[in-house]
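**Q** Could you work out the structure for the sequence below:
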Amino acid sequence: IDSRLIVGSNGGIEIGSGISYVLVSGQLTFSDTPSSASRHIRIVKNSFSDANTVGWTYNYIDSGHPKSLTIPPILASVTQGDVISLWYYTPDSSDTISGNTFGGRTSLTVQTVG
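**A** Sure thing, here's the model as predicted:
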């Protein structure tokens, strides 16, 4: 674990000094989806916008079927103070997102490079 990575605001990972690049990946699992629709996840830097999106994926998920969305590792340029976060979009606010203590269902990974 690199001590220059800090849990930042809203559960994001804040970049400390001396880091220029990170490898980021993420996964989010919906354990209950009451409606059939597309769901999206993004890894963003600092704030949610298309310009700040580092990685993005989506999938159509049928009602009542658990499904994981995964963003494979992506190399991202960063500067001190940047915050990396995992965002999701669902058209149904009653979706249930799963997690566990090992990050096996929903997780965000940020790894320093170099």
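
**Q** Report the central residue of the protein.
**A** Using C-alpha atoms, centre = their mean, the residue of the chain that lies closest to the mean C-alpha position is residue 86, 2.5 Å off.

**Q** Can you show me the strands along the protein?
**A** Taking DSSP state E, the strands of the chain run over residues 5-7, 13-15, 21-32, 37-45, 53-61, 67-77, 83-89, 96-98, 107-112.

**Q** Looking at those strands, which one is packed in the most?
**A** strand 13-15 (a mean of 21; mean count of other C-beta atoms under 10 Å). For glycine as for every other residue, the C-beta is placed from the backbone atoms N, C-alpha and C.

**Q** I'd like the average pLDDT over that one.
**A** Averaging pLDDT along strand 13-15 gives 95.

**Q** tell me which strands and helices it is in contact with?
**A** Applying 3 or more C-beta pairs under 8 Å, 6 or more residues apart in numbering; DSSP states H and E, one finds that strand 13-15 makes contact with strand 5-7, strand 83-89.

**Q** what about the ones you listed, which gets the closest to residue 45?
**A** Among those, the nearest to residue 45 by C-beta to C-beta is strand 83-89 (5.9 Å).

**Q** contact partners of that closest one?
**A** 8-15, 22, 24, 26, 28, 39-46, 48, 54, 69, 76, 78, 97, 108, 110 (C-beta atoms under 8 Å, 6 or more residues apart in numbering).

**Q** Any chance of JSON lines for the helices and strands packed on strand 13-15, columns mean pLDDT?
**A** Shown next, in JSON lines, are the helices and strands packed on strand 13-15 (pLDDT from 0 to 100):
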{"stretch": "strand 5-7", "mean pLDDT": "91"}
{"stretch": "strand 83-89", "mean pLDDT": "92"}
